[in-house]
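> can you look at this prediction? I've put the sequence above it.
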Amino acid sequence: MAADVVPHLPPTLALLPFLVSSRYPDPDILGRCHASGISWTKGRDLIERVRQLSYGLASLGMTRGDRVAMVCESRPEWVLTDFAILAAGAASAPIYPTLAPEQVAYILRDCGAAIVVVSTAAQLDKVMVVAATVPALKVVVVIDPPTVLPSGDGITVLSLADVAARGRSGPGLDEFRAMAHLVSPDDLATLIYTSGTTGEPKGVMLTHGNLVANLQDICMILPVAQSDSALSFLPLSHSFERMVVWVYLANGLPIAFAESNESIGRDLLQLKPTVMTGVPRVFEKLQSKILEKGHALTGLKGRLFQWAMGVARERGRYVPEGRPMPVGLRVQSAVAERLVFAKVRDGLGGRFRFVVSGSAALNEEVGRFFFGVGLPIIEGYGLTETSPVLTVTPNHAVRLGAVGVPLPRVELKIADDGEILAKGPNIMVGYYNRPVDTAEVLKDGWFHTGDIGTIDADGYLRITDRKKELIVTSGGKKIAPQSIEALLKAHPLISEAVVVGEKRHFPAVLLVPDFAALARDMHASVPTTPEAVGQWLASPDVQTRYADIVAGVNQGLAQFERLKQFRLLPREFTLATGELTPTFKVKRRVIDTMYAREISEIYQ
């Protein structure tokens, strides 16, 4: 959307639902996908649902300045409840629904929430198991309640419908609007807890002013309009997707939430969205699925697919930067578009104008693949502490390998040690009850991101590594693991790569194979038991295959960076087993602990 048609935005998020309902009363605005279709809430109905929930929560004790926690998968009720909390001048504290009970309890205790809203009976059970360890907790609200609600132990449990019923007879919309107007840009809007890749989660304090400043800047440069539609499946507990939903709403886009991660393929075909967001791991997995499906084709169709993928790779060298393609490639692209690329996009709904990748830097080759098949990817970069967006790639000036240019009111600079520093109205006020941690990252008006990067002459930012994840060998050499891992993960036979070597005399790597791709490559099938998988990975043919891949990557590395050993791990990293954060980032400390034996064997 061009800067001259940016929707006028209110000074606080407390007033955003009023804007949405008044400006977009007739369109379907919030939806949830189901097997039978999409259930929608119209713009005019949004504010009334928010009013009822806000007064209902107030009847349970929520007052201005309180923290209200939410343990809930992404769905319309998440958005409505969030607005209900914000309009009352309270602060929401979202919690990833994938966290274990003890992790949920830690955040509930830290933020001091007296009320927590949960999605299902499973999340209710999770909270009730730890309720005795959370002294401030008094009320649990369940969106999809079990048949019988638990009681006792001083905890009141109600359904969200009951809460809305309590608020139905509360003051009218005029009084509700007056209450929302009392919220100030300086008021705390949310406590978002960091994912804990490098330690204990910290509560990031973001004000209404922080978030609205970010929202305004994004609306100025992100090319979305009311004619678009969006599918949302990333967790709203993550600041990236939450901000994106506000951008959608401010522009009147219909947003439908996927029923679950397993239903995304179905829901894409149902909604046929024009825009969508994802994290790099989502696009890496999507690329693997497209290639896997194509590799399963035989005969002429199989050969046609392989040829088209070669065309996509070549096309991806030209299209993102707008460079003219050679005549021969233009002709091949036209044929591949009609016979293959259009069918690939049809499998994703067929209407995408672009998708947005955030949370981490996207592998350049993955980006070029999607541009090659006609699905442009816009990258952004930021952190929870920055509300969260710092940079966005202009859709008319893409540079793959970079994460865009700063938002209009964001300043970036590179410190002497390579760390990216940021300044702007979107920078957090600090970590909740952690003045020492706050002082470590907020210095002289600049937020220290902890990321290492460079800024080119045109202002494009490139992320090269995490400052705290730099590996220092026993010889004092500093190795940036993420760039090496990205080279390894660019290979179709590798799903995950984690470089190790801290205080060791050489670097090595733990590799998680892409098991389906490996089976195809070896003309075999994936074994069905852990023992058989281990034997398969230990076979000379498989070991040689991965040794060749590592050797190929080593050729482009400095001598001290070269990987002297590797180990193949027998299963994927998952959220459930704790190796990944909810945004699919690898938890290095967990990997170091969980695979300590394998790492030790490397260095024996």
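Arrived safely.
> what's the neighbour count on Asp186?
Counted with other C-beta atoms under 10 Å, the neighbours of Asp186 add up to 11. Every residue, glycine included, has its C-beta placed from N, CA and C.
> and Gln543, how close does it get to Arg462?
34 Å (C-beta to C-beta, to the nearest Å).
> looking at these two, which one has more neighbours?
Arg462 (16 against 13).
> isn't the more buried one right next to Gly453, touching?
Yes - assessed by C-beta atoms under 8 Å, Arg462 is found in contact with Gly453 at 5.5 Å.
> the stretch 451-600 of the chain: strands as residue ranges?
For the stretch 451-600 of the chain, the strands defined by DSSP state E, counting those that start in this stretch occupy 461-466, 471-472, 478-479, 494-500, 508-513, 565-568.
> in JSON lines, list those along with distance to Glu411.
Converted to JSON lines, the strands of the stretch 451-600 of the chain look like this (distance: least, C-beta to C-beta, whole Å):
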{"stretch": "strand 461-466", "distance to Glu411": "12"}
{"stretch": "strand 471-472", "distance to Glu411": "30"}
{"stretch": "strand 478-479", "distance to Glu411": "27"}
{"stretch": "strand 494-500", "distance to Glu411": "32"}
{"stretch": "strand 508-513", "distance to Glu411": "37"}
{"stretch": "strand 565-568", "distance to Glu411": "41"}
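> please parse the protein into its domains.
3-222+233-252, 277-467, 470-603 (automatic domain parsing).
> most packed of these?
Comparing those by mean neighbour count (mean count of other C-beta atoms under 10 Å), domain 3-222+233-252 comes out on top with a mean of 20.
> distance between that domain and the chain's centre?
How far domain 3-222+233-252 lies from its chain's middle: 18 Å, per C-alpha atoms, centre = their mean, to the nearest Å.
> kindly report the same for stretch 261-275.
Counting by C-alpha atoms, centre = their mean, stretch 261-275 comes out at 17 Å from the chain centroid.
> going forward, begin numbering at 35 instead of 1
OK, 35 is where the count begins now, so the last one is stretch 295-309.
> end-to-end on it?
Chord length of stretch 295-309, first to last residue, is 17 Å (C-alpha to C-alpha, to the nearest Å).
> residues in contact with that stretch?
65, 67, 69, 71-72, 258, 261-265, 267, 287, 290, 292-293, 381-390 (C-beta atoms under 8 Å, 6 or more residues apart in numbering).
> what's the answer for stretch 181-201, then?
Residues contacting stretch 181-201 (C-beta under 8 Å, 6+ apart): 83, 85-94, 111, 115, 151, 158, 162, 165-166, 171-177, 179.
> one step back: will you turn the domains of the chain into CSV that also has mean pLDDT and distance to Leu302?
Compiled in CSV, those are given as follows (pLDDT from 0 to 100; distance: least, C-beta to C-beta, whole Å):
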stretch, mean pLDDT, distance to Leu302
domain 37-256+267-286, 94, 9
domain 311-501, 94, 4
domain 504-637, 90, 19
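> with distance to Leu303 added, can I get those in JSON lines?
Shown next, in JSON lines, are the domains of the chain (distance: least, C-beta to C-beta, whole Å):
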{"stretch": "domain 37-256+267-286", "distance to Leu303": "10"}
{"stretch": "domain 311-501", "distance to Leu303": "6"}
{"stretch": "domain 504-637", "distance to Leu303": "23"}
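> returning to what we had before: can you list which of the contacts of stretch 295-309 are found in strands?
Gly65, Cys67, Gly71, Ile72, Ala264, Leu265, Ala290, Phe388, Val389, Val390 (DSSP state E).
> which non-adjacent residue is nearest the third one?
Which is Gly71. Distance criterion C-beta to C-beta, 6 or more residues apart in numbering; nearest residue to Gly71, sequence neighbours excluded, is Gln304 at 7.2 Å.
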